[in-house]
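Participant: What would the 3D arrangement of this be:
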Amino acid sequence: MSRDIALRQSAVPAWNPSDPRASLNLLAEHAEQQAKEAADWYNRGKTRKKWLSIVTRTGAILFTSLGGLIPVVAVLALPDNATEVARLRFHQWGYLSIGCAGVVLAFDRFYGGSSGWMRYISTLLSIETLIGEFRLDWHRLDVSLATTPNNPEVVDAAFARLRQFVLAVRGLVEKETSTWITEFQSSLAQLEKQTEDALQAAREQVRTELEAQFAARKAAAEAERSGAINLTVTSGPLRSGFDVDLDGRRIRSGVTGRTAGIGNVPPGLHELAVSGTTATGEGRQTSLVVQVAAGQVAAAAAEL
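Facilitator: So this is what the prediction gives:
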């Protein structure tokens, strides 16, 4: 904290053995001056902390209130025929406002606005109390020094009071600094944890989205995969076999067996037309609708 609370490093007054009272009074002035500089530093610092706290806390209140009002505004402002998507998008502003409230509170916590303001006020009041007590005690000691300036017991009592005062002021500064360090380390650890959690959540979200995209693409590719039809035709003797049309397009001609395999058929409903000529020259034709699933073989039967 040496860079933050910069006390004037003035030289300690020299000791004059011939005039102990004057030397002790100079030491008392030096100690009190050091305490005043510490008090002045905290007095100036509390103003900065105060405004940081006021701004961040006010911002948090405003953002939180705005976030709570967004649903009410949505009901009053959006028309009755507004789509659910439009309402959802409008409500996102409320979530954004609540998030901003969390950000300004985190800013206040990380930079110690509110907590620092309280610490500075407490430390300042404690130092001012020490200074007031020291002045009263020193006046009493100075009376004894004026009466018996060379009395060793009085001189030792004055030195003891000086030492107690200096150490008390130093203890307050060290206590405040220790509290600040603990608070800063806690805030830093919390920030690191929140950052790591946010990164982990982002990674998980990306992974989930990629898996969803992969599954969607796989499902789309699976849905578009071609199927096949295994057609069985029952008929009497045919002059030159039978012909097969798929969706009005001739795909097989003169099939002499009882079955015909049709490959590379897109998934969905298809019309099959089977035609042929009997041995007596009579033309016959029939048609049927076949449901073809992706990657599957559909069985179909026709009779001429």
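Participant: Tell me which other helices or strands the helix or strand of the chain with the lowest mean pLDDT touches.
Facilitator: Ranked by mean pLDDT, DSSP states H and E, the helix or strand of the chain with the weakest confidence is helix 84-110, at a mean of 80. For helix 84-110, the packing partners by 3 or more CB pairs under 8 Å, 6 or more residues apart in numbering; DSSP states H and E come out as helix 20-77, helix 113-147, helix 152-224. For every residue, glycine as well, the C-beta is placed using N, CA and C.
Participant: May I ask you to confirm that residue 272 belongs to a strand?
Facilitator: Yes. Under DSSP: H, G, I helix; E, B strand; the rest coil, residue 272 falls within a strand.
Participant: what's the spacing between the residue nearest to residue 66 when sequence neighbours are not counted and residue 28?
Facilitator: Of all residues not flanking residue 66 in the chain, residue 97 sits nearest, at 4.4 Å (CB to CB, 6 or more residues apart in numbering). Distance from residue 97 to residue 28, counting by CB to CB, to the nearest Å: 57 Å.
Participant: Please apply the same query to residue 205.
Facilitator: Counting by CB to CB, the gap from residue 205 to residue 28 is 66 Å.
Participant: of those two, who's got more company?
Facilitator: residue 28 (21 against 10; other CB atoms under 10 Å).
Participant: tell me the contacts of the more buried one?
Facilitator: 134, 138, 158, 162 (CB atoms under 8 Å, 6 or more residues apart in numbering).
Participant: possible to save those residues as JSON lines with neighbour count?
Facilitator: JSON lines is the format used below for these (neighbours: other CB atoms under 10 Å):
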{"residue": "134", "neighbour count": "21"}
{"residue": "138", "neighbour count": "21"}
{"residue": "158", "neighbour count": "23"}
{"residue": "162", "neighbour count": "19"}
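Participant: farthest-separated two in these?
Facilitator: 134 and 158 (11.4 Å; CB to CB).
Participant: follow-up on the earlier one: nearest to residue 107, of the helices and strands packed on helix 84-110?
Facilitator: Closest among those, using CB to CB: helix 20-77, at 5.7 Å.
Participant: quick one: the closest one to helix 152-224, angle?
Facilitator: 20 degrees (axes from the mean of the first three to the mean of the last three CA atoms, to 10 degrees).
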